[in-house]
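Participant: any chance you can model this:
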Amino acid sequence: MAALSNAEVAAIYRDYGHLLLRRSRVILRDDALAEDALQEALIKVMRYGENLQAAHSPLRWLYRVVDRCCFDLLARRKGGPDLPRTPPDPAGPHPAVQLEERDAVMRLLHRLTAEERTIAVLAWVDGLSQQQIADEVRCSRVTVNKKLQKIRGRAAKVLNR
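Facilitator: Here you go, the predicted structure:
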């Protein structure tokens, strides 16, 4: 695999860094952890840059790398306390997403399976439709619907605490 140069990674950071950091902050709800996840993601981008160059949507590919780095950090903290609740994202959620529900889902991300985490981020951060999520994770729309309902139910319990 061809690695990217420092200059190429710097250009990616210049063009996409603010979007990737915002995404990390929404998922992790902690500025320091978000910055750590972004640094890990940039290292992976440097190592596996040829995949980025071949990607149909570079931003979507970068989001997936950042998501995985965030999920890895969540997994390492699994046994620890819940992540802190940070102030709402100043840019707000995707127009198709309710802020309170998104925040509840993000608070329980570390309790979800890897597939559920991916589906949750695609739904509550990106605002993708069930069919778009199904296409992204390569499963049926019915499966996505069932998982979203399960996650939504767990988020409702978080909201009702």
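Participant: where are the low-confidence patches of this structure?
Facilitator: Residues of the chain that meet the criterion pLDDT under 70 lie in 1, 78-97, 161.
Participant: what's the domain layout of it?
Facilitator: By the assignment in automatic domain parsing, the chain contains the domains 1-86, 90-161.
Participant: let's have these in TSV, adding mean neighbour count.
Facilitator: In short, each C-beta sits where N, CA and C put it, glycine included. Output for those, formatted as TSV (neighbours: other CB atoms under 10 Å):
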stretch	mean neighbour count
domain 1-86	16
domain 90-161	16
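Participant: which helix runs longest in the protein?
Facilitator: helix 6-28 (DSSP state H).
Participant: just checking, what packs against it?
Facilitator: helix 31-47, helix 49-54, helix 58-76, helix 99-107 (3 or more CB pairs under 8 Å, 6 or more residues apart in numbering; DSSP states H and E).
Participant: let's have the ones you listed in a markdown table, adding distance to Arg25.
Facilitator: Below are these laid out as a markdown table (distance: least, CB to CB, whole Å):
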| stretch | distance to Arg25 |
| --- | --- |
| helix 31-47 | 4 |
| helix 49-54 | 22 |
| helix 58-76 | 10 |
| helix 99-107 | 10 |
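Participant: the helix or strand encompassing Val142 to helix 99-107, inter-axis angle?
Facilitator: Applying DSSP states H and E as the criterion places Val142 in helix 141-159. Helix 141-159 and helix 99-107 are oriented at 100 degrees to each other (axes from the mean of the first three to the mean of the last three CA atoms, to 10 degrees).
Participant: what's the spacing between helix 141-159 and its chain's center?
Facilitator: Computed by CA atoms, centre = their mean, to the nearest Å, the chain-centroid distance of helix 141-159 equals 17 Å.
Participant: contacts for stretch 133-152?
Facilitator: The contact list for stretch 133-152 (CB atoms under 8 Å, 6 or more residues apart in numbering) reads 101, 105, 108, 112, 115-116, 118-120, 122-123, 128, 130-131.
Participant: separation between Asp135 and Tyr16?
Facilitator: Applying CB to CB, to the nearest Å, the value for Asp135 to Tyr16 is 22 Å.
Participant: residue closest to the middle of the chain?
Facilitator: Asp67 (3.7 Å; CA atoms, centre = their mean).
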